[in-house]
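> Pasting the sequence and the predicted coordinates here, then a few questions.
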Amino acid sequence: MNECGKLIVVSGPSGAGKSTVISRVMEADKSVVFSVSATTRKPRSGEREGVDYFFTEFGKFEAMIENDELLEYAQYVENYYGTPKAPVLENLEKGLSVLFDIEVQGALQLKQQYPEAILIFVIPSDFSQIEKRLRTRGTDSEEKIRQRIKTAKTEYSMALNYDYIVINDDPDLAAFEIKSIITAEKCRANNRKKYLDEVL
C-alpha cells in the first residue's frame with residue numbers, strides 16, 4: 001500500500017544553518033523531495049536556478065500571487081519568497097514527502113491551509129552563533145546583518161507555534177533528528193488506519 005507523503009516545513013533564522021541540515025536529510029532519505037521556492041532575490045554564489053530557487057522578477061512573482069499559483073508566500077528583507085503549488089501536489093500524489101525551507105510567515109500560512117503539515121524550527125543552542133555565522137558568510141553589509149539579527153529575534157518569538165524545535169550545533173545530529181521526526185509522523189496511528197481496515 002502506498003502511504004501518503006508528508007508536508008515537512010523547516011524554518012529558522014538566517015544563519016541557523018538550515019541549508020546544510022536539509023541537504024543531509026535529502027541525501028539520507030530518497031522518499032523526501034525538496035520544494036524549490038521562487039524568490040525575487042539575486043542568486044548567491046553557487047546557487048543554481050531550479051535547484052536552489054526559481055529566481056523570478058518582481059512582476060512575474062506578483063502575477064503568480066494574482067493567479068493563485070503559490071501555496072504560500074512572504075516578503076522577507078525586501079524580497080518575495082513563495083512556494084509554487086503544482087510540483088508540491090504532484091509529489092504528494094506520488095507518495096513522496098515534500099520538504100520546505102520557508103520563512104516563519106509562509107510556514108504559518110501553509111499550516112493554516114494544511115493543518116497536517118509538520119513544522120520544524122531550526123536554531124543553534126546559543127543565539128550569538130547567528131551573528132557569528134552571518135559575519136563568517138561575508139555576503140551581507142553591516143546594515144543587512146543588523147536587519148537579519150532583528151528579524152531573527154522576531155522569528156524566535158514565533159518558534160512555539162511550531163511542532164518541533166531542532167538544535168543545530170552539529171548538522172549531522174540535526175539532520176538525524178529531522179529524519180526521526182519524519183519517521184515518527186509517518187507511524188502515527190491515524191496515518192496507518194488503512195492497515196487495520198481488513199480486520200476492523
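Structure received.

> and the helix or strand containing Val25, how far from the chain's centre?
Using DSSP states H and E, Val25 maps to helix 18-28. Computed by CA atoms, centre = their mean, to the nearest Å, the separation of helix 18-28 from the middle of its chain amounts to 11 Å.

> Show me what the helix or strand following it pairs with in its sheet, parallel or antiparallel.
Sequence order places strand 32-34 as the next helix or strand after helix 18-28, per DSSP H and E. Strand pairing for strand 32-34, using DSSP bridges, gives strand 97-101 (parallel).

> what ranges of the chain fall below the confidence cut-off?
Confidence mapping of the chain against pLDDT under 70 gives the ranges 1-2.

> could you pull out the strands for it?
Under the criterion DSSP state E, the chain contains strands at 7-11, 32-34, 37-39, 53-55, 70-76, 79-84, 97-101, 118-123, 164-167.

> Adding mean neighbour count and distance to Ala152, write the ones you listed out as CSV.
Glycine gets a C-beta too; all of them are placed from N, C-alpha and C. Shown next, in CSV, are these (neighbours: other CB atoms under 10 Å; distance: least, CB to CB, whole Å):
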stretch, mean neighbour count, distance to Ala152
strand 7-11, 24, 11
strand 32-34, 18, 23
strand 37-39, 21, 18
strand 53-55, 17, 20
strand 70-76, 20, 11
strand 79-84, 21, 16
strand 97-101, 23, 16
strand 118-123, 24, 9
strand 164-167, 17, 14
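
> Minimum distance to Glu198: which of those strands has it?
strand 97-101 (25.7 Å; CB to CB).

> just how off-centre is that closest one within its chain?
6 Å.

> now the angle between strand 70-76 and it, please.
Relative orientation of strand 97-101 and strand 70-76, computed by axes from the mean of the first three to the mean of the last three CA atoms, to 10 degrees: 20 degrees.
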